[in-house]
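> Could you work out the structure for the sequence below:
(2 chains)
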Amino acid sequence: MIKLSVESLCKSFGDLHALRDLGFDVEDGEFFCVVGPTNAGKSTLLKTIAGLHRPDGGRILLSGRDVTRLEPRHRNVSLLFQNIALFPTLSGRDNIAFPLRTAGVAETEIARRVNEVAEMLKVSHVLDRLPQTFSGGEQQRVAIGRAIARPADLLMLDEPLTNLDARIRIALRIEFKNLHRHIGQTQIYVTHDQVEAMSMSDRIAVLNNGRFEQIGTPDDVYHRPVSAFVARFIGQPPMNIIDAELSGGTDGATLKGPGFSIPVDGIGGLESASRLPRKLAFGLRPEALRIAPGEGPDTPFAGEVVWIERLGSKSILDLRFAHGIIKAVVPTDHAVRREGPAWLGFTPRAEHLIDKESELFFR
Amino acid sequence: MNENPLWVTILKRTAVVVSMIIAFFPIYWLIATSFKPYDQWASWPPVWLTDAPTLQNYRIVFFPEAAREFATAQQGSLDYKVSGSAWKAFQDSAIISTFATFFSVMFGTLAAYSIVRFRTGGENYPFQFLTVRMMPPIAVVVPIVALFSILRLSDTYFGLVLAYTAFTLPFSIWMIRSFIEEVPLELEGAAMVHGMSQFRAFLTITLPLIKGGVLATALFIFILNWSEFLFALVLTAGNVITVTLQVANYVSASSGKLYGVQAAMGTISTLPVILFGYVIQRHLVRGLTFGAIKR
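Here you go, the predicted structure:
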C-alpha cells in the first residue's frame, strides 16, 4: 500500500532550483532513505512534504489525500529537524508533550505517553530541565521523542545523527532501526552519510542537484548504480572510475587505457561489443580488487603503492598506475609496502561500464 | 599582558573622568537647581550646592496655590497654564506615551515579523520606511497640523497617540526585525508541524524568545514619546497637555523662565522612565537564549 506519493514536485528559491520534477512513492511502513551531498535539496524536500515550503508545482498525496495545499498542522506528518529545534523556553517534558497538547489530548494521557516515550529513549532524567542544559545526545533524543510522541502518517527525520559523536551515532542508528521495527511507522530518513543509508533503509533515493539519480534497494544502488554520481556517492572508498577506449571489432574487442588492456571477453563476455560507445569509462569497486603476487594476464593494473591505510583486518591501498590513482580494499598483507610495487586484478564480472558522454552506466 | 606606560594609563583615566563629568553634569545641575530658592536659580557666580534647600519648586509643580503664592511674593504674574497643576500633564503624558508605545511596538512586531518571514515589500522595504526618520519632523509639521485639524484630531489623546505611533514605528520595526531574524525558522516550523498555525507559533514560540528585545525597544520608544515636544506643541491647544509642554510653560511675566520649577518638574519626569527601565532590567540583561539550536 502506498503511503506517500510525490508527483513532479518542483521548488525554486529565486534562481536556485532546489527540487526539479521529483516523483516517488513510499510504501506503508517503509524505511525510505534520501541521500545526497550538501545542498542536494534533501531538507527542502522534507520541508516541502511537511508543508513548510509551498511547492511551485507538483502534488503530494498522503494516505491517498492530496495535501499539497494544506497547512503543516493538517497534514498529520512529523518532522525531526536537522538542527533539532527544541523549544528553548519549554522543558523536556513540555517539548515532548507539545504535539499532544496541540492535538487536544487529555493531560493524563499526555503524561502517560510522555513517560512512555522518555523511557524508550532513555531521557526520563532530563524531562524537567530546559533543553539548553541537555547534552547533544539528550537533545537529539528529546527531539526524537517530540517527533514520535503523536503517531503521524509519516515520520521524517532530517540528518538526525549528524553533529553527534561516533559512539552515540552508532547507538542511535541501531535505536532508529529498532524504533522503526517497534512502531512500524512510514519513515523518510535524510542523510548525507551513505553508510547510514546502506545499513538502515528498505530503499535508498540518491538525490543530486534537486533530481533523483536513482531509487532502489541498498543492493541496487551499490551493485547496480545507474550513474557515475551514484557510483561515487555510494560506497566508501568510492568506486574507481577509469577512462578506457574500445578498440577492435565484434570479435576481438579490447578495452584499452593507459597502461592496461582488457579483452572484452575477459571482462565478462559482453555479447555485442559493437553496440558499445567508443569512449568509455570503466568502474571498479575498491572491494572488487585483489592483490596478485606478480604480473599476469589477469592483473591489468600494475604500479607503485603510494599510500596504505591499515584498518585492522583490511587495508585501503592507493596504487599509482599510468592512469592515476586506483583505490583497493584488500586483506591486510604486510608484504605489500608503501612505495613498493603491486599488481591488482579484479573479481570477474565486478566491473561496470560507463558511457563517458552521459556518465550513465550500461552495466 | 602588556603593561601600558604610565602616561597612557593617566590619559585613559582622565578621559573617563572627563567624559563622566560631561555626562553627569546636566543631571547634577537639574537636581541641584530643583532644590534652589528663587534667587539662586541663575545667580552669578553659580551656586553649586544650595545652602538653603527648599521644596518650594516641587510645591509649585503640584499645588496651584503655591504657584499663586509664589507669583504674589515675586510681585509678578504667572502664565495661565502654570497656575494649573502638573498632575494633568503627567497623567496625559502617561496615557499618550503608554498607548503610543504599546501600538508602536505591537505594530512594529507584526510588521517586522511579516518583513522577516514573508519578505513583505521586498529587499528595500525596511530602508524605505526608515527614510521617514530622515527628514526633520519640523519639515512635516505644517501639513500634519492641517491634516489633523481637518480630521478633527488636534488636541485629542488619539491624535497624539497616532502621531507618536507613526513616527516611532520605523524604530520599532528596525529594532524588532533584528531580534526576529535571530530566531531560527525551524522553531516555528517545528511548532507548525506539531499542530500550530503560524500565528500561534509566533505567539507561543517566537514572541517569548524575543521578549527581551521587544521590551528594550518599548523602553526606547517610551523615552522618545515621553520626551517629545514638537508634535505636542503644535497638535494641542489646552485640552491635552504633556509633561514637556508643562515644563516649557513655567514662565513668569516678571521673572522670565522659572528654572527651579522646571528643574523640579524635569527631575520628577525622569522617574517614570527610570522605573520602567528598572522593571524590565532583568529581561534586558538576560538577553536572548537559544539553547537548543544547533548552528
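> Doesn't A:Thr89 belong to a helix?
No: according to DSSP: H, G, I helix; E, B strand; the rest coil, A:Thr89 belongs to no helix; its state is coil.
> mind listing what the residue in the stretch 101-250 of chain B positioned nearest to chain A touches?
Nearest to chain A, among the residues of the stretch 101-250 of chain B, is B:Gly195, at 3.0 Å (C-beta to the nearest C-beta). Yep, even glycine has a C-beta here, placed from its N, CA and C like the rest. Going by C-beta atoms under 8 Å, 6 or more residues apart in numbering or on different chains, B:Gly195 touches A:73, A:98-99, A:101-103, A:150.
> what does the host helix or strand of A:Ser78 rub up against?
Secondary structure assignment for A:Ser78, by DSSP states H and E: strand A:77-80. By C-beta under 8 Å, 6+ apart, the residues outside strand A:77-80 that reach it are A:46-47, A:49-52, A:62, A:99, A:143-144, A:146-148, A:150, A:152-158, A:160, B:189-190, B:193-194.
> picking that back up, filter the contacts of B:Gly195 down to the ones in helices?
Of these, the ones assigned to helices by DSSP state H are A:98-99, A:101-102.
> Cross-check the residues you listed against chain B and keep the overlap.
A:98-99, A:101-102 (C-beta under 8 Å from any C-beta of the partner chain).
> Which two of those have the greatest separation?
A:Pro99 and A:Arg101 (7.4 Å; C-beta to C-beta).
> domain parsing for chain A?
A:2-226, A:240-355 (automatic domain parsing).
> Need the distance between the two termini of the longest one.
With C-alpha to C-alpha, to the nearest Å as the measure, domain A:2-226 spans 25 Å from end to end.
> Show me which residues of stretch B:245-259 are buried.
B:245-250, B:252, B:255, B:258-259 (16 or more other C-beta atoms under 10 Å in any protein chain shown).
> Greatest separation within these: which pair is it?
Farthest pair in the buried residues of stretch B:245-259 (C-beta to C-beta) is B:Leu245 and B:Ser255. Separation: 19.7 Å.
> about what we covered before: need the domains of chain A in JSON lines with mean pLDDT, can you?
Output for these, formatted as JSON lines (pLDDT from 0 to 100):
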{"stretch": "domain A:2-226", "mean pLDDT": "90"}
{"stretch": "domain A:240-355", "mean pLDDT": "77"}
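> out of those, nearest to B:Tyr28?
The closest of the domains of chain A to B:Tyr28 is domain A:2-226. By C-beta to C-beta, the value is 42.5 Å.
> JSON lines for the buried residues of stretch B:245-259, including secondary structure and pLDDT?
Listed next are the buried residues of stretch B:245-259 as JSON lines, based on DSSP: H, G, I helix; E, B strand; the rest coil; pLDDT from 0 to 100:
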{"residue": "B:Leu245", "secondary structure": "helix", "pLDDT": "90"}
{"residue": "B:Gln246", "secondary structure": "helix", "pLDDT": "88"}
{"residue": "B:Val247", "secondary structure": "helix", "pLDDT": "89"}
{"residue": "B:Ala248", "secondary structure": "helix", "pLDDT": "87"}
{"residue": "B:Asn249", "secondary structure": "helix", "pLDDT": "84"}
{"residue": "B:Tyr250", "secondary structure": "coil", "pLDDT": "84"}
{"residue": "B:Ser252", "secondary structure": "strand", "pLDDT": "74"}
{"residue": "B:Ser255", "secondary structure": "coil", "pLDDT": "69"}
{"residue": "B:Leu258", "secondary structure": "coil", "pLDDT": "85"}
{"residue": "B:Tyr259", "secondary structure": "helix", "pLDDT": "89"}
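> how about A:Phe212, secondary structure?
strand.
> Got phi/psi on the closest residue to it other than its chain neighbours?
Take A:Phe212 and drop its neighbours on the chain: the residue closest to it by C-beta to C-beta, 6 or more residues apart in numbering or on different chains is A:Ala205, 5.4 Å away. Backbone geometry at A:Ala205, expressed as degrees, to the nearest 10, gives phi -110, psi 120.
> Contact partners for A:Ala205?
By C-beta under 8 Å, 6+ apart, A:Ala205 lies in contact with A:24, A:32-35, A:212, A:214-215.
> So what sits opposite it in the bridge?
Beta bridges link A:Ala205 to A:Val34, A:Ile215, judged by DSSP bridges.
> That one and B:Thr156, how far apart?
Separation of A:Ala205 from B:Thr156 (C-beta to C-beta, to the nearest Å): 65 Å.
> quick one, helices of chain B?
Counting by DSSP H, chain B has helices at residues B:6-34, B:56-62, B:64-73, B:87-118, B:125-130, B:138-150, B:157-182, B:185-193, B:198-201, B:207-226, B:230-234, B:243-249, B:259-286.
> what angle separates the longest one from helix B:259-286?
Translated: helix B:87-118. Angle, helix B:87-118 to helix B:259-286, by axes from the mean of the first three to the mean of the last three C-alpha atoms, to 10 degrees: 30 degrees.
> I'd like to check the angle between helix B:87-118 and helix B:157-182, please.
Angle, helix B:87-118 to helix B:157-182, by the same axes, to 10 degrees: 40 degrees.
> How about helix B:87-118, which residues are buried there?
B:89-90, B:92-93, B:96-101, B:103-105, B:107-109, B:111-117.
> returning to that earlier point: between A:Pro99 and A:Arg101, which is the more surrounded one?
A:Pro99 (26 against 16; other C-beta atoms under 10 Å in any protein chain shown).
> roughly how far apart are the residue of the stretch 1-150 of chain A found nearest chain B and A:Gly29?
Closest residue of the stretch 1-150 of chain A to chain B, C-beta to the nearest C-beta: A:Gln132 (2.1 Å). As for A:Gln132, its distance to A:Gly29 is 36 Å (criterion: C-beta to C-beta).
> Please apply the same query to A:Glu119.
Taken as C-beta to C-beta, the span from A:Glu119 to A:Gly29 is 24 Å.
> Setting aside sequence neighbours, what's the nearest residue to B:Thr120?
B:Ser114 (4.3 Å).
> so the one you found touches B:Pro126, yeah?
No: contact criterion C-beta atoms under 8 Å: B:Ser114 and B:Pro126 do not qualify, at 10.9 Å.
> A:Gln140 against A:Leu164, yeah?
Yes: the pair A:Gln140 / A:Leu164 is scored as a contact, 6.2 Å apart, by C-beta under 8 Å.
> The two - which one has more neighbours?
The neighbour comparison of A:Gln140 against A:Leu164 (other C-beta under 10 Å) goes to A:Gln140, with 25 against 18.
> just to revisit the earlier point, now, which of the contacts of strand A:77-80 lie within strands?
Using DSSP state E, the subset of these located in strands is A:62, A:154-158.
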